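Engineer: Sequence plus predicted model, see below.
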Amino acid sequence: MTLRKNKIKILYVITKSNWGGAQRYVFDLATNVNLKTVDTAVALGGSGELQKRLAVNHVRTISIPNLERDINIFKEIFLFFTLYRLYYAEQPDIIHLNSSKIGGIGSLAGRIYNIFSHRKTKIIFTAHGWAFNEDRNVLVKKIIFFISFITALCSHAVITVSLHDEHALRMPFISKKIFTIYNGIAVPQKSLQTDARRKLLSFLPNLSQKTREFLFHPKTRWIGTIAELHTNKGLPYALRAINTLTVTLPNIVYIIIGEGELRRDIERYINDTNLHGHVFLTGHIPDAGKYVHAFDIFLLPSIKEGLPYVLLESAHAAVPVVATAVGGIREIIEHEQGGMLARPKHSKDIEYGLKYMLIEESRREKMGAYLCTHAQKNFTLENMLEKTWNLYRALLKM
């Protein structure tokens with residue numbers, strides 16, 4: 001297929017319209033195009049933050065009814081025909097699928113659409129961390145792995161956001177289809193730590209004067225996490241590490257930015273361990289990454305990850321990191337260079353990493369500087385856009 005003289009039409013498809021890593025990825029791709037040569041649309045489930053942001057940026061969105069993460073065979077059949085009709089209506093040159101669920105059904109619908117429409121629409125799937133790496137039972141993992149294989153088989157190309165995820169699906173018939181393109185962000189504006197802390201605390205309006213004085217004491221060190229309060233993020237292991245650390249290092253606070261299903265469990269743990277003066281939950285904060293400058297150390301205790309945007313924000317802000325060695329995290333954080341790595345589900349490892357960085361202040365600052373240089377070289381928005389468009393062009397020429 002040769003490049004057409006008229007506009008290239010790209011249809012992005014994603015399951016949820018909230019604001020997470022996959023949604024940010026779709027937003028960046030859909031809004032950073034040449035409008036003279038490219039026509040983009042985003043099909044999504046729900047009417048959340050992604051849809052609102054796309055509307056502000058004049059990107060057309062298409063609502064897909066009854067699109068949910070949970071599996072329901074009747075709804076999946078309905079979704080298949082919904083996508084099939086959508087492809088016929090839109091006639092895209094490229095279908096770019098995001099999320100595990102939409103990948104399997106969307107790629108199969110795309111292949112059948114190509115057969116009956118006699119078109120050569122290219123199908124791309126981006127894996128934002130493979131779902132079969134999540135903490136599930138063996139049978140479920142095998143089923144998800146098989147679905148992931150079918151998704152890759154039906155796609156013309158699979159983008160993985162880390163080399164770790166690329167190697168996870170190396171198998172016959174699909175190995176040559178897999179391309180690693182790192183997530184990237186625009187370099188954030190610099191912010192003074194004190195200013196970032198004041199703005200962040202505006203989301204905790206009921207603090208006592210004594211607590212505020214402790215938070216702004218020159219010797220108080222801030223540890224922060226930005227994450228959905230979900231099992232995959234490993235927050236219970238971080239809390240256990242913080243609980244132990246406060247015995248010997250009482251001048252630390254742990255700020256958790258995010259909302260989710262584990263909030264009550266976390267609040268219960270804070271109450272049971274009397275961590276009220278050390279652990280604070282801000283709830284969801286829009287564009288939370290701009291507050292990362294408030295932290296002395298960024299902590300990400302995840303059990304499963306792709307290539308997390310929050311670490312890129314920390315890296316570009318020169319905030320050193322303690323993180324678990326899962327997914328693509330090891331490709332951002334070099335142990336004892338840009339931060340400290342821990343084994344997933346190991347509170348003692350997290351505690352050790354935090355303690356080392358809290359005590360070795362000059363080493364911590366060097367880690368932050370190293371991490372920033374590494375991010376500016378490898379994880380920029382410009383790099384991500386350029387490599388993704390190079391892949392688009394190569395596929396369209398096939």
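Structural biologist: Good, I have the coordinates.
Engineer: From Tyr309, how far out is Tyr29?
Structural biologist: Slight slip there: residue 29 is Leu, not Tyr. 14 Å (Cβ to Cβ, to the nearest Å). Using the backbone N, CA and C atoms, a C-beta is placed for each residue, glycine as well.
Engineer: err, Ala43, not the other one
Structural biologist: 22 Å.
Engineer: what's the answer for Pro188, then?
Structural biologist: Taking Cβ to Cβ, one finds Pro188 at 11 Å from Tyr309.
Engineer: Of these two, give the one with the bigger neighbour count.
Structural biologist: Legend: neighbour count by other Cβ atoms under 10 Å for Pro188 and Tyr309, higher for Tyr309 (21 against 15).
Engineer: Show the pLDDT at the residue nearest to that one when sequence neighbours are not counted.
Structural biologist: What sits nearest to Tyr309 in space, not counting adjacent residues and going by Cβ to Cβ, 6 or more residues apart in numbering, is Gly21, at 5.1 Å. Note for Gly21: predicted pLDDT of 89.
Engineer: What is the helix or strand bottoming out on mean pLDDT in the chain packed up against?
Structural biologist: Ranking every helix and strand in the chain by mean pLDDT, DSSP states H and E puts helix 163-168 at the bottom, with a mean of 81. Secondary-structure packing of helix 163-168 (3 or more Cβ pairs under 8 Å, 6 or more residues apart in numbering; DSSP states H and E): strand 178-180, helix 329-332.
Engineer: Output those in TSV; the columns should cover distance to Asn137, mean pLDDT and mean neighbour count.
Structural biologist: TSV is the format used below for the helices and strands packed on helix 163-168 (distance: least, Cβ to Cβ, whole Å; pLDDT from 0 to 100; neighbours: other Cβ atoms under 10 Å):
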stretch	distance to Asn137	mean pLDDT	mean neighbour count
strand 178-180	27	93	19
helix 329-332	24	95	21
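Engineer: In CSV: these, plus distance to Cys154.
Structural biologist: Putting the helices and strands packed on helix 163-168 into CSV (distance: least, Cβ to Cβ, whole Å) gives the following:
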stretch, distance to Cys154
strand 178-180, 14
helix 329-332, 27
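Engineer: So which of those is nearest Thr388?
Structural biologist: The closest of the helices and strands packed on helix 163-168 to Thr388 is strand 178-180. By Cβ to Cβ, the value is 9.2 Å.
Engineer: Helix or strand next in line after that closest one, which one?
Structural biologist: helix 193-201 (DSSP states H and E).
Engineer: Can you tell me what sits against that next one?
Structural biologist: 207, 212, 215-216, 222, 255, 257, 282, 285, 290-294 (Cβ atoms under 8 Å, 6 or more residues apart in numbering).
Engineer: Can you tell me which of those residues end up in strands?
Structural biologist: Here DSSP state E is the test, and the contacts of helix 193-201 give 222, 255, 257, 282 as lying in strands.
Engineer: List just the nearest of the residues you listed to His346.
Structural biologist: Nearest to His346 among the ones in strands among the contacts of helix 193-201, with distances taken as Cβ to Cβ, is Ile255, at 22.0 Å.
Engineer: isn't Lys120 right next to Arg111, touching?
Structural biologist: No. With contact defined as Cβ atoms under 8 Å, Lys120 and Arg111 do not form a contacting pair (11.2 Å).
Engineer: These two: which is more packed in?
Structural biologist: Arg111 (15 against 12).
Engineer: give the contact list for the closest residue to the more buried one other than its chain neighbours.
Structural biologist: In space, and not counting its chain neighbours, Arg111 is closest to Cys154: 5.0 Å by Cβ to Cβ, 6+ apart. For Cys154, the contacting residues are 104, 107-108, 110-111, 123, by Cβ under 8 Å, 6+ apart.
Engineer: Can you report phi and psi for Cys154?
Structural biologist: In terms of degrees, to the nearest 10, the main-chain angles of Cys154 are phi -80, psi -10.
Engineer: thinking again about what came up before, which members of the contacts of Cys154 are classed as buried?
Structural biologist: 104, 107-108, 110, 123 (16 or more other Cβ atoms under 10 Å).
Engineer: Okay, and which of those residues map to helices?
Structural biologist: 104, 107-108, 110 (DSSP state H).
Engineer: if we take those, which one ends up nearest to Ile94?
Structural biologist: Gly110 (10.1 Å).
Engineer: Return the distance of the closest residue to the closest one other than its chain neighbours relative to Arg85.
Structural biologist: Computed as Cβ to Cβ, 6+ apart, the closest residue to Gly110 that is not its neighbour in sequence is Ile123, at 4.3 Å. Distance from Ile123 to Arg85, counting by Cβ to Cβ: 16 Å.
Engineer: Kindly report the same for Val187.
Structural biologist: From Val187 to Arg85 the distance is 42 Å (Cβ to Cβ).
Engineer: Same question for His230.
Structural biologist: 33 Å.
Engineer: Ok, Ile94 next?
Structural biologist: In this structure, Ile94 and Arg85 are 18 Å apart, going by Cβ to Cβ.
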